[in-house]
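below: sequence and its predicted model.
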Amino acid sequence: AQSVTQLDSQVPVFEEAPVELRCNYSSSVSVYLFWYVQYPNQGLQLLLKYLSGSTLVKGINGFEAEFNKSQTSFHLRKPSVHISDTAEYFCAVTRMDSSYKLIFGSGTRLLVRP
Amino acid sequence: EPEVTQTPSHQVTQMGQEVILRCVPISNHLYFYWYRQILGQKVEFLVSFYNNEISEKSEIFDDQFSVERPDGSNFTLKIRSTKLEDSAMYFCASGGQGFNSPLHFGNGTRLTVT
């Protein structure tokens, strides 16, 4: 079985500061990894994904994430955040041999302050 | 950009009643999913649907739940006899072939069982 841990339930940060949202996963089989963002009253939007290749993946809105197999981590980073980045961020995994049967973490609320 | 649309946005029902949540996936997508998020908890996979049949389902998706694609456009989730613990946000999602095709989520239906 797979599991995803997002240790930080909320991350407050000032505008234009860098941010890192942490994600660790556990799986006995190979997985694909994803980050989704949820703005208030909206669905989940894909930020980025790791399927294969370079371990540093770039996504939308200036976000990037690095896959670290030895540490089973997939942390999300942004060098300079905007007020508009305030949202809930979800890390998710799925087995490579599965469909989009995503296993989600509990989410991290990013709160950007002016 | 094409969207996954869900109706209604909010549904209130009494315990024991049947509810049908409706979704219109993106038109050329082949894979369809339902997820749910109980307030304050993780987003959880319920079921995936491909080629007019269920391809995977979770333990949550018991005999009270069913899915249907009654015509070429709609994808529905039916809960036969709702329980208080079915109160949640239900997300529909659709995707194309393979993980290079991103999964698109609708904005969700908030189901409240009283």
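Perfect, thanks for sending it. Numbers count the residues shown, from 1 in each chain, chains lettered A, B, ... in the order given.

burial measure for the closest residue to chain B within chain A, as a count.
Going by CB to the nearest CB, chain B is nearest to A:G43 of chain A, at 3.6 Å. C-beta coordinates here come from the backbone N, C-alpha and C atoms, glycine included. Look at A:G43: counted by other CB atoms under 10 Å in any protein chain shown, it has 20 neighbours.

same check, this time on B:R110
17.

in its sheet, what does the host helix or strand of it sit against?
Using DSSP states H and E, B:R110 maps to strand B:109-113. When pairing is defined by DSSP bridges, strand B:109-113 lines up against strand B:10-13 (parallel), strand B:88-95 (antiparallel).

show me the strands in chain B, by range?
Assigned by DSSP state E, chain B shows strands spanning B:5-7, B:10-13, B:19-24, B:31-37, B:43-50, B:53-57, B:65-68, B:75-79, B:88-95, B:104-105, B:109-113.

again but with chain A, I slipped
Under DSSP E, chain A gives strands at A:3-5, A:10-14, A:19-21, A:24-26, A:31-38, A:44-50, A:56-58, A:64-68, A:73-78, A:87-95, A:103-104, A:108-113.

the most centrally placed residue in chain A bridge partners, please.
Residue closest to the average C-alpha location in chain A (CA atoms, centre = their mean): A:W35, at 3.4 Å. For A:W35, the beta-bridge partners are A:L48, A:C91 (DSSP bridges).

and the pLDDT for it?
Predicted confidence (pLDDT) at A:W35: the value is 97.

ok, B:K57 next?
Reading off the model, B:K57 has pLDDT 94.

can you pull the contacts of it?
B:L46, B:V47, B:S48 (CB atoms under 8 Å, 6 or more residues apart in numbering or on different chains).

need the residues you listed in CSV with distance to A:V112 and pLDDT, can you?
Below are the contacts of B:K57 laid out as CSV (distance: CB to CB, whole Å; pLDDT from 0 to 100):
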residue, distance to A:V112, pLDDT
B:L46, 32, 97
B:V47, 35, 97
B:S48, 35, 95
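
give me the subset of those residues touching chain A.
B:S48 (CB under 8 Å from any CB of the partner chain).

redo the contacts of B:K57 as CSV? Include neighbour count and distance to A:S30.
CSV is the format used below for these (neighbours: other CB atoms under 10 Å in any protein chain shown; distance: CB to CB, whole Å):
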residue, neighbour count, distance to A:S30
B:L46, 21, 24
B:V47, 20, 23
B:S48, 23, 19
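
ok, so of the contacts of B:K57, who is nearest chain A?
Distances from chain A to the contacts of B:K57, taken by CB to the nearest CB, are shortest for B:S48, at 5.0 Å.

would you quantify the distance from that closest one to B:G96?
For B:S48, the distance to B:G96 equals 13 Å [CB to CB, to the nearest Å].

what's the average pLDDT for stretch B:6-20?
96.

span of it from start to end?
11 Å (CA to CA, to the nearest Å).

hmm, who's touching it?
Outside stretch B:6-20, the residues that reach it (CB under 8 Å, 6+ apart) are B:21-24, B:76-84, B:90-92, B:106-114.

in ChimeraX, select just the buried ones from these.
To isolate the buried subset of the contacts of stretch B:6-20 in ChimeraX, counting by 16 or more other CB atoms under 10 Å in any protein chain shown, use the following:
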select /B:21,22,23,24,77,79,82,90,91,92,106,107,108,109,110,111,113
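
residue farthest from the centroid of chain B?
Relative to the chain centroid, chain B (CA atoms, centre = their mean) has B:N100 farthest, 22.0 Å.
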